[in-house]
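**Q** Okay, sequence plus prediction incoming.
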Amino acid sequence: MEVKIGVLHSTRELTLESQDTPESIEEAVTSARTQGFLRLDDVKGSRILVPAETVSYTHLRAHETDSYLVCRLLLE
């Protein structure tokens, strides 16, 4: 699944491929509020850490279906 993360005060978004389910990514974004950072792992084994206060949105795109799942979670 392709995950895009919008970052405040940045003209580019972060993009990564993840094997996580949409539900686990949603849980990671939600728990980022209390943990202080968003932590996701990509398919190549890299770990992405983004300070929670800088995440403006997440966009999930499931490749295994014809429809797209879009999840926008604002961390304000």
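**A** Received, thanks. Numbers count the residues shown, from 1 in each chain.

**Q** list the buried ones in the helix or strand hosting E27?
**A** Assessed by DSSP states H and E, E27 sits inside helix 22-35. Using 16 or more other Cβ atoms under 10 Å as the test for burial, helix 22-35 gives P22, I25, A28, V29, A32. C-betas here are computed from N, CA, C, even on glycine.

**Q** shaky segments in the chain?
**A** Scanning the chain for pLDDT under 70 picks out 62-76.

**Q** which ones are touching the residue nearest to L38 when sequence neighbours are not counted?
**A** Nearest non-adjacent residue to L38, counting by Cβ to Cβ, 6 or more residues apart in numbering: A32, 4.1 Å away. Contacts for A32 (Cβ atoms under 8 Å, 6 or more residues apart in numbering) come out as L38, R39, V50, A52, V55, L75.

**Q** related to what we said a few turns ago, alpha carbons of the helix holding E27, as CSV, please.
**A** Extracted C-alpha coordinates of helix 22-35, given in CSV (Å, rounded to 0.1, in the frame of the first residue of the first chain):
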residue,chain,number,x,y,z
PRO,A,22,-5.0,0.6,6.6
GLU,A,23,-6.3,-0.1,10.1
SER,A,24,-2.8,-0.4,11.6
ILE,A,25,-1.7,2.8,9.8
GLU,A,26,-4.7,4.6,11.1
GLU,A,27,-3.9,3.4,14.6
ALA,A,28,-0.3,4.6,14.2
VAL,A,29,-1.5,8.1,13.1
THR,A,30,-4.0,8.3,16.0
SER,A,31,-1.4,7.1,18.6
ALA,A,32,1.1,9.7,17.3
ARG,A,33,-0.8,12.3,19.2
THR,A,34,0.2,10.8,22.5
GLN,A,35,3.6,9.5,21.5
